[in-house]
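Participant: prediction below, plus the sequence it came from.
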Amino acid sequence: MFDYEAKRWGSAPLRPRPWFMNGLKLRYLLADLEPVRGKVLDVGCGAGSVAKAVKRERPDLEVVACDVSRSALAVAEASPEGVDFRAAQAEKLPFADGEFDFVWIFDVLEHVEKPEQVLREVARVVKAGGGFHIVLPLEGQPWTLYRLIGCGTRWTAKVRHGGHIQIFSADRFGGLAAFCGLPVAATRWSYHFLLQLLDIFYFSWLDWRGPVSGSVEDMAAARPGIAGALMRGAAMTVACLAWGEARLLHALPGGCGHFSCTRAVAEPRG
């Protein structure tokens, strides 16, 4: 079983700018949040970089964030920046029905054994007609490098070093989301080629090197001296190139989906 206490994500600084590795993901989320007022929830927040970035960009929102990893939450709570952090399992959220006006999930659903249960919980805690935004690796999407190399079957490095036990395509997620009362209203795409290639190289390298304690951007942000500066410079360059590629090819399916959903008024099935 993957150890989420030993490896954590989300401690690197984040802004909706091209030179931040997850800057485009954040920008798409902020676009969906534009009409939202009230209380919002980040499910699977890790060390809190996305939740803090949203609070920074939208100080009017009441931001709550939760994660199962105590070590990640300890990092997040060391500097909460106005976010209310909670310990919680995504499959059993400790919140009332319809408590939130909007919910988002970044890179979490691929890690859980029962994704349908997570989506049902999101549908339960968000108000009817409220919004849901999810960022999801699409390692089973046709015509991607992930699909070509058999991610999760023939090539399993992301299972071992990233905890990706679910392999999604846009169709699989769309069907599951609709079944759980969260039909997809719009889809954006990223990870068209460059980041897929680097992702595959990186996780293959981890097979040779062994596991590390965080993401590339987290390690680069924490590393001191010249080596850290070089890592951060390289990460910023890659982020800018990937941002440009995603904006140029925005209409073409890629290896990552950014799904905008609306909580159905009727109760979810199942």
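Facilitator: Great, that's in hand. If you're wondering where the values come from, they're calculated on a predicted model, not measured in any experiment.

Participant: please count neighbours and contacts with C-alpha atoms only from this point.
Facilitator: Noted.

Participant: in this structure residue 194 contacts residue 240, no?
Facilitator: No: the pair residue 194 / residue 240 is not scored as a contact, 11.1 Å apart, by Cα atoms under 8 Å.

Participant: these two - which one has more neighbours?
Facilitator: Higher neighbour count among residue 194 and residue 240: residue 240, with 18 against 15, using other Cα atoms under 10 Å.

Participant: and the more buried one, how far from residue 79?
Facilitator: 28 Å (Cα to Cα, to the nearest Å).

Participant: all helices of the chain, in order?
Facilitator: Applying DSSP state H to the chain gives helices spanning 23-33, 49-57, 70-78, 115-125, 145-149, 157-162, 170-179, 194-209, 216-222, 225-248.

Participant: show me how far the first one is from its chain's centre.
Facilitator: So the one you mean is helix 23-33. Per Cα atoms, centre = their mean, to the nearest Å, the displacement of helix 23-33 from the mean C-alpha position of its chain is 11 Å.

Participant: in it, what counts as buried?
Facilitator: For helix 23-33, burial by neighbour count (16 or more other Cα atoms under 10 Å) applies to 23, 24, 25, 26, 27, 28, 29, 30, 32, 33.

Participant: residues making contact with stretch 135-146?
Facilitator: Taking Cα atoms under 8 Å, 6 or more residues apart in numbering as the criterion, the residues outside stretch 135-146 that touch it are 25, 105-110, 147, 151, 167-170, 192-193, 196-197, 200, 254-259.

Participant: what is the end-to-end distance of it?
Facilitator: 17 Å.

Participant: what of stretch 9-16?
Facilitator: When the termini of stretch 9-16 are compared using Cα to Cα, they are 18 Å apart.

Participant: now swap in stretch 149-156 and tell me
Facilitator: 10 Å.

Participant: picking up where we left off before, in strands, which of the contacts of stretch 135-146 appear?
Facilitator: Secondary structure of these is defined by DSSP state E; positions in strands are 105, 106, 256, 257, 258, 259.

Participant: what's the burial count for residue 208?
Facilitator: Other residues within reach of residue 208 by the criterion other Cα under 10 Å amount to 8.

Participant: please disregard the earlier target; I meant residue 90.
Facilitator: Counted by other Cα under 10 Å, the residues lying close to residue 90 total 24.

Participant: what is the neighbour count of the closest residue to it other than its chain neighbours?
Facilitator: Leaving aside its sequence neighbours, residue 90 sits nearest to residue 118 (Cα to Cα, 6 or more residues apart in numbering; 5.6 Å). Burial of residue 118 is recorded as 21 neighbouring residues (other Cα under 10 Å).
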